[in-house]
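pasting the sequence and the predicted coordinates here, then a few questions.
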Amino acid sequence: MLKKIVLPVVLLILSYGFWVSPDFKEIAAGVSIFLFGMLFLEDGFREFTGGVLEKILRRTTDKLWKSVSFGVLSTTFMQSSSLVSVITISFLSAGLIGLSAGIGIIFGANLGTTTGAWLIAGFGLKVKISAYAMPMLVFGLILTFQKAKSLKGIGYILAGMGFLFLGIHYMKEGFESFKDTIDLAQFAVAGYPGLFLFAGIGVFATVVMQSSHATLVIIITALAAGQITYENALALAIGANVGTTITAILGSLGSNVDGRRLAGAHLIFNMVTGVVAIVFIYQIQEAVVWVSDAVGISADDYTLKLAIFHTIFNLLGVIIMLPFVNRLVIFLNKNFVNKEPGLIEPLYLNDAAIEFPDTAIETVRKETLHLFDQAFEVIAHGIGLHRHELLSEKRLDEVVRQRGKPIHIDIDDVYANKIKVIYSAIVEFIGRAQHNMPAEYAEQLFALRASARDIVEAVKDVKHLRKNLITYVHSDNAHIRGEYNKIQEKIGGVLQEIHALSTTVEEVDLLSLDALRIEIEESDILTSGDLDRLIRERKITAQMATSLINDVNYSHNIVNNLITMGPNLFITHDPVRYSVERNMALDSEDIEGLVSSKI
Amino acid sequence: MTLKKYLKGLTDLFDEKQRKCKKEKECLLVALKKLKKRKYALKKKLDKQGSEKSRKRVKNELKVISVQRRNGLAQLKELKNK
């Protein structure tokens, strides 16, 4: 109800404002153009995702100081702490970085965002910024029409910067003209009441615009035009810093528990920084004066002094909070927990991870591994073996021959309540993620979907195989028992191999499983002549033989499905390398050729 | 000559197809080198195998590597012709 009312009210207020004041219209247009520029800038940097940014993020977050530096540099470069926050939440949700690394990036992003104030105060207001905006817009827009992704990205960034500059120009002009009609400075409130009031306004403005950067630009341009006092501008800047957490909180709504933990950390950090800034505002102001004198900023250059203030209080926040990162991680882990941990549901799939190709692929890969983990138990129990036995040091043939009572498992029930739940979620997630994804990444997602399907098919085949297997592995006929033990060994062996691949620390390539494929093809009882011999020598009955033929086929399908799904799950994240190795791997013709040559 | 080289570098930088092709070649060469290394290691292993079963297994792997290398070399030839 409230939502329905808010938008018309806002539009009405704005319309009235535009009608009574052309200057207000100019300022509002400036803010809109600025925000539009930020959208362009974000789109531009998104064109480069799936490349440099992710690589740097993966490599530079192993230590806290590196994470903080990454946050500072990336935000300085992209001029958008929101984009850095969204990327960080996405990477954290996909499990590509840890919570403490994510917190480090957020701390750094807060520090990096202060460079925006420096740029606007030091450059944006001192030169005729619109002169730079025009060529940037022209070149930028031409480049956005190019097919090449990199050129398109550069085009968006250029156009984004052009719009940012143009927005700043309009805000500056608007505030300067506004001064002649109405002096907002007369509404200034001194002391702590003013501090709290303007901090509140700063929070509100940032929540509405969802950009502390835009709020800061308005504050600086208004301050430059003398429309707000320096003290009130400081309070607004503090408020903008707290209000910016709303972006991270909104971004975390669709993410998993890790994303929510990071949003919590962001809120705590900015609240602590805000409280410290309010409590020690006079001491920080003295520090600003000292720094200004030291670097030669004149006493009446309040815009640059605001930039120094913004940097000092964010730096103070980082210095205060950094030693408590580990405690913060413990606190967040304790207070943000997964609901209903016992229930089988997708562990990794979440909306935040869908944002970037790399995180989407990694999330699906992890979820498919989760599916495999569930299927491993079903398949092992289905063929009468325990997971711990399969993963023990014991020889497989010993494990198979030493088994006791049959393991009870209702495969239909497990399939409906575990396997299908995760598989459906994977299929749904891929359906949404592949939309607007570059072809090479979409190909990887489809390969992972095929892997999930292979796992599900293997589980289904185990259900059919199990009917005869549990009977014949306990049969008095040693020959049929032996053949079914071979089936158990064959499937158990592949499960062991795949599990070894999933836990290896070494780099796995697509080509590792080809030898196993050949070995399994060669051991096929139907083509080796062993089955005919057993029938001929009347060691098994005709009924046993037909069951065996069917079950060998099922087992063949199970191992083939497991081997086929393996490479997609454990190999490289690099789509080019993946495609190259896939073309090198043995196809069915190669396998047939090698097996028929009786190597 | 240097200018021509830089111009070519600049063109390559913006030519996505060319860049992808170059990366494919690099990945292919790395994979082929790895297979060659694996082949030598298996050949050494083959000499040390006592039982016929384990010898057969290693021989099997060697054949697989040969086919994989053959596929890789065909791919490399195709890329060079592009």
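Yep, it's here. Residues are numbered from 1 along each chain as shown, chains lettered A, B, ... in the order given.

give me the pLDDT value at the closest residue to A:Asn256 other than its chain neighbours.
Sequence neighbours aside, A:Asn350 is the residue nearest to A:Asn256 in space, at 4.2 Å (criterion: Cβ to Cβ, 6 or more residues apart in numbering or on different chains). Where C-beta positions appear, they are placed from N, C-alpha and C, glycine not excepted. A:Asn350 is assigned a pLDDT of 80 by the prediction.

can you pull the buried residues of stretch A:70-78?
A:Phe70, A:Gly71, A:Val72, A:Leu73, A:Ser74, A:Thr75, A:Thr76, A:Met78 (16 or more other Cβ atoms under 10 Å in any protein chain shown).

got those residues as a markdown table, with pLDDT, distance to A:Glu355 and secondary structure columns?
A markdown table is the format used below for the buried residues of stretch A:70-78 (pLDDT from 0 to 100; distance: Cβ to Cβ, whole Å; DSSP: H, G, I helix; E, B strand; the rest coil):
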| residue | pLDDT | distance to A:Glu355 | secondary structure |
| --- | --- | --- | --- |
| A:Phe70 | 88 | 18 | helix |
| A:Gly71 | 88 | 18 | helix |
| A:Val72 | 89 | 22 | helix |
| A:Leu73 | 88 | 21 | helix |
| A:Ser74 | 84 | 15 | helix |
| A:Thr75 | 85 | 17 | helix |
| A:Thr76 | 85 | 22 | helix |
| A:Met78 | 77 | 15 | helix |
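
pipe these into TSV and attach distance to A:Ala225 per row.
Supplementary listing: the buried residues of stretch A:70-78 in TSV, determined by distance: Cβ to Cβ, whole Å:
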residue	distance to A:Ala225
A:Phe70	36
A:Gly71	32
A:Val72	30
A:Leu73	32
A:Ser74	32
A:Thr75	27
A:Thr76	27
A:Met78	28
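
closest one to chain B out of those residues, please.
Closest to chain B out of the buried residues of stretch A:70-78 is A:Met78 (21.1 Å), distances taken as Cβ to the nearest Cβ.

helices and strands around the lengthiest helix in chain B, which ones?
In chain B, taking DSSP state H as the definition, the longest helix is helix B:16-48. Helices and strands in packing contact with helix B:16-48 are listed as helix A:575-584, helix B:2-14, helix B:52-81; criterion 3 or more Cβ pairs under 8 Å, 6 or more residues apart in numbering or on different chains; DSSP states H and E.

now render those as JSON lines, adding mean pLDDT and mean neighbour count.
Rendered in JSON lines, the data for the helices and strands packed on helix B:16-48 read as follows (pLDDT from 0 to 100; neighbours: other Cβ atoms under 10 Å in any protein chain shown):
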{"stretch": "helix A:575-584", "mean pLDDT": "77", "mean neighbour count": "21"}
{"stretch": "helix B:2-14", "mean pLDDT": "69", "mean neighbour count": "10"}
{"stretch": "helix B:52-81", "mean pLDDT": "85", "mean neighbour count": "16"}
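
okay, those helices in CSV with distance to A:Ala131 next?
Listed next are these as CSV, based on distance: least, Cβ to Cβ, whole Å:
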stretch, distance to A:Ala131
helix A:575-584, 43
helix B:2-14, 28
helix B:52-81, 48
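
of these, which approaches A:Ile142 most closely?
Using Cβ to Cβ as the measure, helix B:2-14 is the one of the helices and strands packed on helix B:16-48 that comes nearest A:Ile142, at 13.9 Å.

for the closest residue in space to A:Ser547 that isn't next to it in sequence, what are its contacts?
Once its chain neighbours are removed from consideration, A:Ser547 has its nearest residue in A:Asn468; the separation is 4.6 Å (Cβ to Cβ, 6+ apart). A:Asn468 makes contacts with A:Tyr484, A:Ser547, A:Leu548, A:Asn550, A:Asp551, as judged by Cβ atoms under 8 Å, 6 or more residues apart in numbering or on different chains.

ok, now which ones touch the residue sitting nearest the centre point of chain B?
Closest to where the C-alpha atoms of chain B average out (Cα atoms, centre = their mean) is B:Leu32, at 2.0 Å. Counting by Cβ under 8 Å, 6+ apart, B:Leu32 touches B:Arg69, B:Gly72, B:Leu73, B:Leu76.

so what pLDDT did the closest residue to the third one other than its chain neighbours get?
So that's B:Leu73. In this structure, B:Leu73 finds its nearest non-sequential neighbour in B:Leu32, 7.1 Å apart by Cβ to Cβ, 6+ apart. As predicted, B:Leu32 sits at a pLDDT of 89.

quick check: the gap between A:Leu96 and A:Ile89.
From A:Leu96 over to A:Ile89 the distance is 11 Å, taken as Cβ to Cβ, to the nearest Å.

and those two? which has more neighbours close in?
Higher neighbour count among A:Leu96 and A:Ile89: A:Ile89, with 32 against 22, using other Cβ atoms under 10 Å in any protein chain shown.

right, and the helix or strand after the helix or strand where that one lies?
With the criterion set as DSSP states H and E, the secondary-structure element containing A:Ile89 is helix A:81-93. Along the chain past helix A:81-93, the next helix or strand (assigned with DSSP H and E) turns out to be helix A:99-112.

all set, thanks.
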